[in-house]
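K.L.:
please work out how this folds:
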Amino acid sequence: MAKIKVAIIGVGNCASSLVQGIHKYVELPEGVAVPGVMHSKIGDYRIEDIDVVAAFDIDENKVGKDISEAIFTTPNNTLKFADVPNMGVKVERGMTHDGIGKYVSHLVKKSPHSTADISGILKEREVDVVINYLPVGSEMATKWYVEQVLEARCALVNCIPVFIARESYWQNRFAEKGVPIIGDDIKSQVGATILHRILTRLFEDRGATIDNTYQLNFGGNTDFLNMLERERLISKKISKTGSVTSQMDEEIEPDHIHVGPSDHVPWLQDRKWCYIRMEGEIFGGAPINLECKLEVWDSPNSAGVVVDAIRCAKLAMDRGIAGAVLGPSAYFMKSPPTQYTDDVARNMVETFVNGKG
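P.N.:
Residues are numbered from 1 along each chain as shown. Purely as a prediction, here's the structure:
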């Protein structure tokens, strides 16, 4: 089976975990459960079949370096779990637009190089799937890159909360170009959003009310630093809140739910701590309160999902499917075109992988 040629927009912590994972999970035995891997094969594609052939960033510390070096360059601070050999893929100068927030501007200095011919590079290297790893709040930059992706007729996996896959305008644009999109805003493998969704569904399925709930997240990576700028956080809060409320049978008043990042703690590095509280009523009006804490390394947690999303995007291309791919979007993303419960979405993915949906 041919390789899946991938381009990465934004060589941050998430890109680091993805690239490390491609080199860690080689020749996985079929039918054997491997910690950290949801699917060793999707269709005929293994994780090792993902081949990063292009990468774009605007940081002067990363542009011009081989991606194997750039992924371990400051301000990246995620867990190193695999050695990555020189890949022969230079990080190209991308487009800035609104990609640098005011709270990270002292860490990320723009490269003096001019913006590369993004669509030209995607065409020349015959890229199949493009991964959007831009910082939260990069609305203009994301839409600029989407135009380059469409021009080059590549599939897109949109990992950030700029709404593309769920919007009919962009769905139609991808359909017209004959290429698929999976989005928006990646769910981690076992992260705050999926945990909150499952707990919400548990309350609903067991007949308990949900009167008040919050999800507070903080960490030490540049993503949390960037989200201190509240104006950049609007789409993220919409995405995370909507993902949780989509699992509720009854609408909850906005003042009774709070979901979102709360602070940046530098010494946590790429670790993320999440606190969830739920208050409600059970039989006889008796109160029920639930509190839990989740600790994860943020970027590896999402990379375990992205390797599946990439392979599903390539399967869609192989089968001539264009526009938003509903099942994988619903299972892998916080803000898909259509929300489903996670058990239904998972079955949709398995049906899709087996070529029946």
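K.L.:
okay, CA-based contacts and neighbour counts for the rest of this
P.N.:
Noted.
K.L.:
where does the stretch 251-357 of the chain dip in pLDDT?
P.N.:
In the predicted model, the stretch 251-357 of the chain carries pLDDT under 70 at residues 357.
K.L.:
quick one, helices of it?
P.N.:
Secondary structure of the stretch 251-357 of the chain (DSSP state H, counting those that start in this stretch): helices located at 298-318, 326-332, 342-353.
K.L.:
also the chain?
P.N.:
13-24, 67-70, 118-124, 139-152, 168-177, 192-205, 222-226, 234-245, 298-318, 326-332, 342-353 (DSSP state H).
K.L.:
most packed of those?
P.N.:
Greatest average neighbour count among the helices of the chain goes to helix 326-332 (a mean of 27), per mean count of other CA atoms under 10 Å.
K.L.:
quick one: low-confidence parts of the chain?
P.N.:
1, 357.
K.L.:
go again with 80.
P.N.:
Applying pLDDT under 80 to the chain flags the ranges 1, 30-32, 34, 356-357.
K.L.:
tell me the residue furthest from the middle of it?
P.N.:
Largest separation from the mean C-alpha position in the chain: G284, at 41.6 Å (CA atoms, centre = their mean).
K.L.:
who's in contact with that one?
P.N.:
Neighbour list for G284: empty [criterion: CA atoms under 8 Å, 6 or more residues apart in numbering].
K.L.:
the helices of the stretch 251-357 of the chain: which one's closest to I164?
P.N.:
Nearest to I164 among those is helix 326-332 (11.5 Å), distances taken as CA to CA.
K.L.:
who touches the closest one?
P.N.:
With CA under 8 Å, 6+ apart, helix 326-332 has contacts from 182-184, 186-188, 305-306, 309, 312, 336-340, 342, 345-346, 348-349, 352.
K.L.:
ok now that helix, how far from the chain's centre?
P.N.:
Relative to its parent chain, helix 326-332 has a centroid offset of 12 Å by CA atoms, centre = their mean, to the nearest Å.
K.L.:
what would the helices of the chain look like in TSV with distance to E279?
P.N.:
Conversion of those to TSV gives the following (distance: least, CA to CA, whole Å):
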stretch	distance to E279
helix 13-24	33
helix 67-70	45
helix 118-124	49
helix 139-152	35
helix 168-177	36
helix 192-205	10
helix 222-226	27
helix 234-245	15
helix 298-318	27
helix 326-332	26
helix 342-353	22
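K.L.:
dump the helices of the stretch 251-357 of the chain into JSON lines; add distance to V91 as well.
P.N.:
Shown next, in JSON lines, are those (distance: least, CA to CA, whole Å):
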{"stretch": "helix 298-318", "distance to V91": "20"}
{"stretch": "helix 326-332", "distance to V91": "27"}
{"stretch": "helix 342-353", "distance to V91": "32"}
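K.L.:
hmm, back to that, distance of the residue farthest from the centre of the chain from V344?
P.N.:
31 Å (CA to CA, to the nearest Å).
K.L.:
hey, what's V91 bridged with?
P.N.:
A55 (DSSP bridges).
K.L.:
give me the number of residues near it?
P.N.:
27 (other CA atoms under 10 Å).
K.L.:
so it sits against K65, correct?
P.N.:
Yes: the pair V91 / K65 is scored as a contact, 5.7 Å apart, by CA atoms under 8 Å.
K.L.:
and Y331, how far from N347?
P.N.:
9 Å.
K.L.:
er, L134 actually
P.N.:
30 Å.
K.L.:
same question for I198.
P.N.:
Taking CA to CA, one finds I198 at 16 Å from N347.
K.L.:
so what's I182 bridging to?
P.N.:
What pairs with I182, by the bridge criterion (DSSP bridges), is V157.
K.L.:
look up how far G304 lies from it.
P.N.:
15 Å.
K.L.:
again with K334
P.N.:
Distance from K334 to G304, by CA to CA: 15 Å.
K.L.:
residues touching G31, list them.
P.N.:
Per CA under 8 Å, 6+ apart, neighbours of G31: none.
K.L.:
next, the buried residues of stretch 84-103.
P.N.:
The neighbour-count check on stretch 84-103 (16 or more other CA atoms under 10 Å) flags 84, 90-96, 98-101 as buried.
K.L.:
Throw those residues into JSON lines and include distance to A175, thanks.
P.N.:
Converted to JSON lines, the buried residues of stretch 84-103 look like this (distance: CA to CA, whole Å):
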{"residue": "V84", "distance to A175": "36"}
{"residue": "K90", "distance to A175": "31"}
{"residue": "V91", "distance to A175": "30"}
{"residue": "E92", "distance to A175": "28"}
{"residue": "R93", "distance to A175": "29"}
{"residue": "G94", "distance to A175": "26"}
{"residue": "M95", "distance to A175": "25"}
{"residue": "T96", "distance to A175": "27"}
{"residue": "D98", "distance to A175": "27"}
{"residue": "G99", "distance to A175": "27"}
{"residue": "I100", "distance to A175": "31"}
{"residue": "G101", "distance to A175": "32"}
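K.L.:
pull the most distant pair out of the residues you listed.
P.N.:
Among those, V84 and D98 lie farthest apart (CA to CA), at 30.4 Å.
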